[in-house]
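[1] Here's a sequence, model it:
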Amino acid sequence: MLPAPPYALPMPARWAKVLGAFAILSASLALTACSPVVDVTAAQDAANPACAPMMVALPDAIGDAGLRKTNSQATAAWGDPSQVILRCGVNVPGPTTDRCVSVNGVDWVIKEGDTAWTLTTFGREPATEILLTKDQETVSSATVLADLSAAAAKIPAARDCVGQEELQNLPANG
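    Predicted structure coming up:
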């Protein structure tokens, strides 16, 4: 074993204990100062590797709502309390008569529930779902879709929503 260099002074054992206790206390205070982790149920296909590029492309904020930590794979939440919840790996919507809008090249199926709006990507597998709570609508749905469409576009589209005019132009036999 080599001798210690002349500039390395040994630390008394009690100082090492004091510094260790200080580090633990500092970490505890830092953790309690943060918002709690958001409890989000993972989607059935959350482990799909196609979710990963989208998850790393998510914005740090939507409007004034900051990104928070969640407890499940392929999920995200913004705002405190949570105003926007995202889950990748939800069931892919099939043909629907629900309203569908296209924002920055990403199609979203919109459903209104009693307490939240559900916005689901259409034509992308796996699908991504966004829940917007109605009672805390401080972030508009237009802002949410504009801010999240670039990330959602990381999952390639296989189909697009069609409107009434496209349906009228389909061949009758085919």
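[2] can you list the residues that contact stretch 37-47?
    Outside of stretch 37-47, the residues within contact range by Cβ atoms under 8 Å, 6 or more residues apart in numbering are 51, 68-75, 77, 82, 85, 87-91, 126, 129. C-beta coordinates here come from the backbone N, C-alpha and C atoms, glycine included.
[3] Kindly recompute the last result at 6 Å.
    By Cβ atoms under 6 Å, 6 or more residues apart in numbering, the surrounding residues in contact with stretch 37-47 are 68-75, 77, 82, 85, 87, 89-90, 126.
[4] Any of those buried? List them.
    68, 70, 73-75, 77, 82, 85, 87, 89-90, 126 (16 or more other Cβ atoms under 10 Å).
[5] any idea which residue sits dead centre in the chain?
    Note on the chain: the residue nearest the mean C-alpha position is Ala76, at 2.8 Å, using Cα atoms, centre = their mean.
[6] Now do the host helix or strand of it: distance to the chain's middle.
    Secondary structure assignment for Ala76, by DSSP states H and E: strand 75-78. Distance of strand 75-78 from its chain centroid, counting by Cα atoms, centre = their mean, to the nearest Å, is 4 Å.
[7] who's in contact with the helix or strand that that strand is followed by?
    Using DSSP H and E, the helix or strand that follows strand 75-78 in sequence is strand 84-90. By Cβ under 6 Å, 6+ apart, the residues outside strand 84-90 that reach it are 40, 43, 45-46, 48, 51, 54, 62, 74-78, 126-132, 144.
[8] which of the residues in stretch 144-164 are buried?
    Buried residues in stretch 144-164, counting neighbours by 16+ other Cβ under 10 Å, are found at 144-145, 147-155, 161.
[9] residues in contact with that stretch?
    50, 53-54, 57-59, 62, 84, 100, 103-104, 106-107, 121-124, 128.
[10] Export only the CA atoms of that stretch, formatted as PDB.
    Output of stretch 144-164 as PDB, limited to C-alpha atoms (Å, rounded to 0.1, in the frame of the first residue of the first chain):
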ATOM      1  CA  VAL A 144     -51.500  20.700 -24.700                       C
ATOM      2  CA  LEU A 145     -51.800  19.200 -28.200                       C
ATOM      3  CA  ALA A 146     -49.500  21.700 -29.700                       C
ATOM      4  CA  ASP A 147     -46.800  21.100 -27.000                       C
ATOM      5  CA  LEU A 148     -47.200  17.300 -27.100                       C
ATOM      6  CA  SER A 149     -47.600  16.600 -30.800                       C
ATOM      7  CA  ALA A 150     -43.900  16.800 -31.600                       C
ATOM      8  CA  ALA A 151     -43.200  14.100 -29.000                       C
ATOM      9  CA  ALA A 152     -46.200  12.000 -30.100                       C
ATOM     10  CA  ALA A 153     -45.000  12.200 -33.700                       C
ATOM     11  CA  LYS A 154     -41.900  10.100 -32.700                       C
ATOM     12  CA  ILE A 155     -44.300   7.100 -33.000                       C
ATOM     13  CA  PRO A 156     -44.900   6.800 -36.800                       C
ATOM     14  CA  ALA A 157     -48.400   7.100 -38.200                       C
ATOM     15  CA  ALA A 158     -49.900   4.200 -40.100                       C
ATOM     16  CA  ARG A 159     -53.300   5.700 -40.700                       C
ATOM     17  CA  ASP A 160     -55.000   9.100 -40.600                       C
ATOM     18  CA  CYS A 161     -58.400  10.300 -39.400                       C
ATOM     19  CA  VAL A 162     -60.900  10.700 -42.200                       C
ATOM     20  CA  GLY A 163     -63.700  13.200 -42.300                       C
ATOM     21  CA  GLN A 164     -67.200  13.100 -43.800                       C
END
